[in-house]
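*Asks:* Fold the following.
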Amino acid sequence: MSEVHSTCCYCGVGCGVIIDRRDGRITGVRGDPKHPANFGRLCGKGQTLHETVGGHGRALFPELRHDRHAPRQRVSWDAALDHIADRFAAIIREHGPDAVAFYVSGQLLTEDYYAFNKLARALAGTNNIDSNSRLCMSSAVAGYKATLGADAPPACYEDIDHADCIVIAGSNAAWAHPVLFRRIEDAKAKNPELKIIVIDPRRTATAEIADLHLAIQPGSDVALFHGMLNALLWENLANAGYIEAHTRGYDALKTLVREYTPEFVAETCGISSDELLTAARWFGTARAALSLYCMGLNQSAAGADKNAALINLHLATGHIGRPGAGPFSLTGQPNAMGGRETGSMANLLIGHRDLDSAADRAEVAKLWDVPAIPARPGKTAIEMFEAIRQGRIKAVWIACTNPAQSLPAQNTVRDALMNAELVVLQEAYADTETAPYADVLLPAAGWGEKEGTVTNSERRISRVRAAVEPPGEARPDWRIACDFAMRLERRLHGRASARFAFDNPRQIFNEYREMTRGRDTDISGLGYATLDAKGPQQWPYAIGARQGRARLYEDGLFATADGRARFAAVPYRPVAEMTDARFPVRLNTGRLRDQWHGMTRSGRVARLWAHAPEPAVALNPDDLARRGLRSGDLLRLESRRGALHVIAAADAGIAPGQAFLPMHWGSRYLSGAGINALTLPVTDPRSFQPELKHCAIRLAKAALPWRLIAFGTPRDGDALARLAQLQAWLPRFEFASCSLTAEAGGVLLRAAASAAPADDVLEALHALFELDGEDVLRYADPARGNTRRVRLDGERVAAVCLTGDGSSESWLREFHAQGLPAAALGAMLLAPTDRAPAGAASRGRIICSCHGVGETAIVDALRGAAGDATARLGSAQQQLLCGTQCGSCLPELRKLAAAAVAAA
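*Replies:* This is a model prediction of the structure:
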């Protein structure tokens, strides 16, 4: 057994991890107690990283097809890269450099990003390189640049400990950044006077910690922030000295916000004027106010304005550049920051240079020793795939991202991929939604298998280290890009220079850091040796520095020509798609606690399915009742772009007239094109980020009378292999979803259709769940369309398939999940009843995924304990261990504890 220190590959908190390895395998992961981002803590996703490395679905060998309608065949690396180089060179010669494009990812390492950026701009001659960070962080980039002059988050995690007012806007940090949220919980516990304001249309787990929850209408953030500034001005809480000394544009903003009176803002945002004034007073009177914000602000057609309007509040009060104060954008991906720093987005250049600056382009060209950097703006993500659909971009190289799941208006995106002359997919997993569209599949090394660096939300650069060799013939991303570049260079210029002749990622990092010298991102004094010796460091870290800079703008000098920050006088604009009589429901999207992005990685871990076991749309209970619906009903959701079917779930935290659907569900787990069949491709005019957060929909009970539910544990124990087989079945039904079951090593399939399928289809499904043997209990009522089959493994329920009447599903699933003795029940197992046999108590929702603890046991323990909520929770934790490992469930546990006290 040996250990390797590395960094988690999920969100942008950038937690340090210690990887355990044995005999060439990663066997475990735990938090690194010395890493300043997490001090040893890890969320449930991070703790299970070792379960995502091997197994089914990994891309192992290069694959290629010459005929779009034929399957890909395994080929050598030389054959694959030569084929791509030939095609790219031919397209560039015939149609020009802008006929090719690169779509990369915030999950690449900084060295990977640098290689692709150099490949696109210095060799291919195009600015058509964009990142999936366009979908999450580009509005934050635009907001920082418009106000502070540079895309540089000025605060750090330590500021949470020093703030006496924290505003959390458009972020369910308790689920999206759980380790960071633990730090907020700690700060509140140490300082009960700390005021926490949560701004979110939903009452989320994050809102449970709030002293004030502003449940604003979706998209009304700019009006809210202007209203807060209006109140600050009326109550003389603005910092006139700071404004005078360090800013510009205040008078124009002051004139604008006069119209945003408390009454107007209250009506616009759907809150009370007292709530608005309370928020403004807490922010204005705070010694140090910190704001934390994420996708609720960014994923909007007015995202840049939302970011800027919030930053206005900090500039107007001087809450910036000192401990506990500043506007702090939380990054969604592990290295979206690294991509921004390396200029790996269509409208950026390396080292925070601007593409529209001739001087910046000339400087980059000189550093790369090329005649010029192209001046024509590159296509951003939405523009890129539209250009592919229209045939203006002929070839696209997709690296470490899954656009056939994550981009809005999925039907259009998939049309684009079908229309491309060449789709190259560089990916660690061969079973993503994008993989079927790839003409060439290049197997990439994944987490734990490659070396490099990442930058987290607080500008902290950490080392990523390999613990094992990549499987099969997979290679590091930077190596693939450089190998291809040398081949393309020979075809375009008749020779291969040393421009891409890197032997290791350290050499790439060293070249990259030289391009930051003298910039606001200066890391010329930082290298692998320093990171290895001193640990993770924040930028800037210039030559001669002993450590990175925790906070920016402490001297009041900003990254603008005159050193002054800029107020942004931006008007309020509503959501891009309003509701109307045809589409009357506001759909919000967001994250689940234990899943991540398109679930390419997290969806392989059974434990991570416990908290949210199936795709579901959350609706206010009163809305369900008004529509004659119940939790568990199958609904049809439809927008102006597409439709899908999904199960309904009641959630009192959802405002009436709204719905919430997690962003994760793509066509690997849900029939159709997934959630993004509904979402909107309209983009912000400055950040070019699409409004993924909100769209207008209509919903109704699905007219699909035939139903099926099947679940079980494969005899060979290989649930991932069985899940892959089930995924191939999803397109056969008008509605279907599949998942792993958190317990019993099982899988689940739910389906519905307008009519029963042919007998051979049902028999094939029975065989898939191993329900076709002589040891299977069976019942069939063809006249009513009801069938029931149950397979036992000794005393335990091993597999079940119900069609038609599924009333016994709930208790049969409890028998399967808990391994309850069932053999004595005999034919009772086939009974069409929702009444559970004795001994089959429901565990309720699984709250603690780490220890598999359900709501029923937690509520019983809380009610049986004495004292206040804290004492009862401590007693329940001692008894059940819930919330004692990763802590992600603590907000829900505290809510249940408070309810138990109220009910006492």
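*Asks:* What are the contacting residues of the longest helix along the chain?
*Replies:* Secondary structure of the chain read by DSSP state H shows that its longest helix is helix 77-95. Identification of contacts with helix 77-95 by C-beta atoms under 8 Å, 6 or more residues apart in numbering yields 62-64, 75, 99-100, 124-125, 394-395, 397, 421-422, 424, 440, 442, 473, 475, 480, 483-484, 487-488, 490-492. From N, CA and C alone the C-beta is placed, and that goes for glycine too.
*Asks:* now those residues: which count as buried?
*Replies:* Neighbour counting by 16 or more other C-beta atoms under 10 Å classes 62-64, 75, 99-100, 124-125, 394-395, 397, 421-422, 424, 440, 442, 475, 480, 483-484, 487-488, 491-492 among the contacts of helix 77-95 as buried.
*Asks:* Around residue 87, how many other residues sit close by?
*Replies:* For residue 87, the neighbour count with other C-beta atoms under 10 Å is 18.
*Asks:* Near residue 703, how many residues? Count them for me, please.
*Replies:* Neighbour tally, residue 703, other C-beta under 10 Å: 10.
*Asks:* ok, now how distant is it from residue 564?
*Replies:* Using C-beta to C-beta, to the nearest Å, one gets 61 Å for the distance from residue 703 to residue 564.
*Asks:* In contact with the spatially most central residue of the chain, which residues are there?
*Replies:* Nearest residue to the geometric centre of the chain (C-alpha atoms, centre = their mean): residue 597, 3.8 Å. For residue 597, the contact set (C-beta under 8 Å, 6+ apart) comprises 333, 402, 406, 663, 664.
*Asks:* what residues does the helix or strand that contains residue 113 touch?
*Replies:* Using DSSP states H and E, residue 113 sits within helix 110-118. Residues outside helix 110-118 that contact it (C-beta under 8 Å, 6+ apart) are 102, 104, 108, 129, 131, 335, 338-339, 341-344, 350, 368, 399-400, 452-455, 461, 476-478, 481-482, 485, 499-500, 502, 505, 508-509, 511-512.
*Asks:* got it, and stretch 890-899?
*Replies:* Contacts of stretch 890-899 (C-beta under 8 Å, 6+ apart): 174, 181-182, 185, 205-206, 208-209, 847-848, 855, 858-859, 862, 869-870, 872-873, 876-877, 882-883.
*Asks:* Same check on stretch 858-877?
*Replies:* Stretch 858-877 is contacted from outside by 844, 847-848, 879-880, 882-884, 893-894, 896-898, 900-901, 903-904, using C-beta under 8 Å, 6+ apart.
*Asks:* repeat for stretch 273-284
*Replies:* With contacts defined as C-beta under 8 Å, 6+ apart, stretch 273-284 is touched by 165, 167, 195, 197, 211-212, 214, 224, 227-229, 231-232, 235, 237-238, 262-263, 265-266, 269, 289, 313, 317, 319.
*Asks:* Could you rerun that using 6 Å?
*Replies:* 165, 195, 197, 212, 214, 227-228, 231-232, 237, 262-263, 265-266, 289, 317 (C-beta atoms under 6 Å, 6 or more residues apart in numbering).
*Asks:* Narrow those residues to those in strands?
*Replies:* 165, 195, 197, 212, 214, 289 (DSSP state E).
*Asks:* can you give me the mean pLDDT across the helix or strand where residue 875 lies?
*Replies:* Per DSSP H and E: residue 875 is located in helix 869-880. Across helix 869-880, pLDDT averages out at 96.
*Asks:* swap in stretch 648-664?
*Replies:* The pLDDT scores in stretch 648-664 average 98.
*Asks:* cool, and stretch 812-826?
*Replies:* Across stretch 812-826, the average pLDDT comes to 93.
*Asks:* Give me the distance between the two termini of that stretch.
*Replies:* End-to-end distance of stretch 812-826 (C-alpha to C-alpha, to the nearest Å): 13 Å.
*Asks:* what comes up buried for that stretch?
*Replies:* For stretch 812-826, the buried set under the neighbour-count rule, 16+ other C-beta under 10 Å, comprises 812, 813, 814, 815, 816, 817, 818, 819, 820, 822, 825.
*Asks:* what's the answer for stretch 411-421, then?
*Replies:* With burial defined by 16+ other C-beta under 10 Å, the residues of stretch 411-421 counted as buried are 412, 413, 414, 416, 417, 420, 421.
*Asks:* Nearest residue to the fourth one in space, ignoring adjacent ones along the chain?
*Replies:* With C-beta to C-beta, 6 or more residues apart in numbering as the measure, residue 389 is the residue that lies nearest to residue 416, at 3.7 Å, once sequence neighbours are left out.
*Asks:* The one you found falls within a helix, correct?
*Replies:* Yes - assessed with DSSP: H, G, I helix; E, B strand; the rest coil, residue 389 lies in a helix.
*Asks:* any idea how far it lies from residue 382?
*Replies:* Distance from residue 389 to residue 382, by C-beta to C-beta: 11 Å.
*Asks:* Same drill for the two, tell me which one is more crowded.
*Replies:* Using other C-beta under 10 Å, the more surrounded residue of residue 389 and residue 382 is residue 382, with 22 against 18.
*Asks:* Wasn't the more buried one part of a helix?
*Replies:* Yes - under three-state DSSP, residue 382 sits within a helix.
*Asks:* start at 654 instead
*Replies:* Sounds good: first residue 654 from here, last item residue 1035.
*Asks:* Could you check how far it is from residue 1438?
*Replies:* According to C-beta to C-beta, residue 1035 and residue 1438 sit 45 Å apart.
*Asks:* picking up where we left off before, please flag which of the buried ones among the contacts of helix 730-748 sit within strands.
*Replies:* Under the assignment DSSP E, the buried ones among the contacts of helix 730-748 contribute 716, 717, 753, 1048, 1050, 1075, 1077, 1093, 1095 to strands.
*Asks:* Now the third one: closest residue in space, sequence neighbours ignored.
*Replies:* So the one you mean is residue 753. residue 1048 (4.7 Å).
*Asks:* beta partners of that neighbour?
*Replies:* Assessed by DSSP bridges, residue 1048 has beta-bridge partners residue 753, residue 1075.
*Asks:* any idea how far residue 765 is from it?
*Replies:* Distance, residue 1048 to residue 765, using C-beta to C-beta: 20 Å.
*Asks:* all helices for the stretch 1404-1553 of the chain, in order.
*Replies:* Per DSSP state H, counting those that start in this stretch, the stretch 1404-1553 of the chain carries helices over the ranges 1412-1421, 1462-1471, 1508-1517, 1522-1533, 1543-1556.
*Asks:* dump the residue contacts of residue 1489.
*Replies:* Per C-beta under 6 Å, 6+ apart, neighbours of residue 1489: residue 1464.
*Asks:* Would you quantify the distance from it to residue 667?
*Replies:* Distance of residue 1489 to residue 667, given as C-beta to C-beta: 46 Å.
*Asks:* What is the burial count for the residue lying closest to residue 754 once chain neighbours are set aside?
*Replies:* Excluding the flanking residues, the one nearest residue 754 by C-beta to C-beta, 6+ apart is residue 781, at 3.8 Å. Residues lying near residue 781 (other C-beta under 10 Å) number 28.
*Asks:* now the contacts of stretch 1543-1552: which count as buried?
*Replies:* Buried members of the contacts of stretch 1543-1552, counted by 16+ other C-beta under 10 Å: 827, 834-835, 838, 858-859, 861-862, 1500-1501, 1508, 1511-1512, 1515, 1522, 1525-1526, 1529-1530, 1535-1536.
*Asks:* pLDDT weak spots in this structure?
*Replies:* Counting by pLDDT under 70, the chain shows no low-confidence range.
*Asks:* Show me where the stretch 1104-1253 of the chain has its strands.
*Replies:* Per DSSP state E, counting those that start in this stretch, the stretch 1104-1253 of the chain carries strands over the ranges 1105-1108, 1113-1117, 1190-1191, 1218-1219, 1238-1243.
*Asks:* Fine, thanks again, bye for now.
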